[in-house]
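# Have a look at this fold, sequence not included:
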């Protein structure tokens, strides 16, 4: 069935891929320009994908504006069939067991927590809205195999892939440091499902399993022929395993399954250009 969607932040990594997915599924999609908060009379299902990632430390005011101020103005004005705000599983970094119902800890004096604070403030606005059709999706660490996995961003995984292609990777965090990684195609499937049929206020969108730096290093050394190492005294932060019971139940209710791709299986595709040069 064709539905109407409005994607805010459609020029970004996730927003652009989401628009393509929705159109491939036969939906009508609008992507308003930057700074638009008045969505008109019938935006349909609104997905708020505006945000900053790796550069939040150097752009604190822009981060708060994107995750809180513009969101607030949009929620205040909009009429919608549903509204989905994209948050992050990074909010579990200060503690908790990776469940949507966890009480979370943040430190406003820690620059690294600014991102978490901004996302949680945005979540608070969503919870404060009187419509149960306002929902939150906490996205894990998103990667893409269809595009260049070494895109010029400061995000962790693209940086590691670029270094592997260049022949040497030095990790800033220890081999036991672990995160949950999810392919963008799986994210887009989940966001469409949550927007159309979600009943809970908040959903984790994650693979449900962590991958350590050590596992990544082993695969990169084998397939790219690169050297790997760790900076002296590097910390080894470990995020909790992200609970995916809610998103799995949502897919099961529609007779589908939630089985996201595994980063370790996808790494050869991400490093493919370097691997081909090594083979040659």
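Here it is on my side, so go on. Here the structure is a predicted model, which means the values were calculated and not measured.
# ranges for the helices of this structure?
Taking DSSP state H, the helices of the chain run over residues 13-24, 60-64, 70-77, 114-128, 156-166, 184-197, 213-224, 245-253, 263-270, 272-279.
# And the third one, what does it pack against?
Going back to what we said before, that points to helix 70-77. strand 45-48, helix 114-128 (3 or more C-beta pairs under 8 Å, 6 or more residues apart in numbering; DSSP states H and E). Any C-beta I mention is one placed from the backbone N, CA and C, and that applies to glycine too.
# And for that helix, what's in contact with it?
Applying C-beta atoms under 8 Å, 6 or more residues apart in numbering, the contact partners of helix 70-77 are 8, 35, 37-39, 46, 48, 50, 83, 85, 122, 125-126, 129, 134.
# Pull out the buried positions in that helix.
For helix 70-77, the neighbour count (16 or more other C-beta atoms under 10 Å) marks 70-71, 74-75 as buried.
# same thing with the fourth one?
For helix 114-128, the neighbour count (16+ other C-beta under 10 Å) marks 114-120, 122-123, 125-126 as buried.
# tilt between that helix and helix 70-77?
Angle, helix 114-128 to helix 70-77, by axes from the mean of the first three to the mean of the last three C-alpha atoms, to 10 degrees: 10 degrees.
# Could you report the pLDDT at residue 152?
Note for residue 152: predicted pLDDT of 60.
# dump the residue contacts of residue 78.
39, 43, 46.
# With residue 199 instead?
Residue 199 sits in contact with residue 250, where contact means C-beta under 8 Å, 6+ apart.
# Quick check: phi and psi at it.
The phi/psi pair for residue 199 (degrees, to the nearest 10) reads phi -120, psi -20.
# how far away is it from residue 135?
Residue 199 sits 9 Å away from residue 135, taking C-beta to C-beta, to the nearest Å as the criterion.
# Could you tell me which residues touch both of these two?
Shared contacts of residue 199 and residue 135, defined by C-beta under 8 Å, 6+ apart, are absent.
# pLDDT below threshold where in the stretch 51-200 of the chain?
147-154 (pLDDT under 70).
# on that earlier part again, tell me the one among the buried residues of helix 114-128 nearest to residue 272.
residue 115 (30.8 Å; C-beta to C-beta).
# How about the contacts made by residue 183?
Residue 183 touches 142-145, 260-261, 263, 266, counting by C-beta under 8 Å, 6+ apart.
# Next: residue 208.
180, 241-244, 248, 260.
# repeat that for 7 Å
Residues counted as contacts of residue 208 (C-beta atoms under 7 Å, 6 or more residues apart in numbering) are 241-242, 244.
# From these, pick the one nearest residue 24.
Distances from residue 24 to the contacts of residue 208, taken by C-beta to C-beta, are shortest for residue 244, at 24.1 Å.
# Spatially, what comes nearest to the closest one if we skip its sequence neighbours?
residue 208 (3.8 Å; C-beta to C-beta, 6 or more residues apart in numbering).
# Measure how buried residue 105 is and give me the count.
13 (other C-beta atoms under 10 Å).
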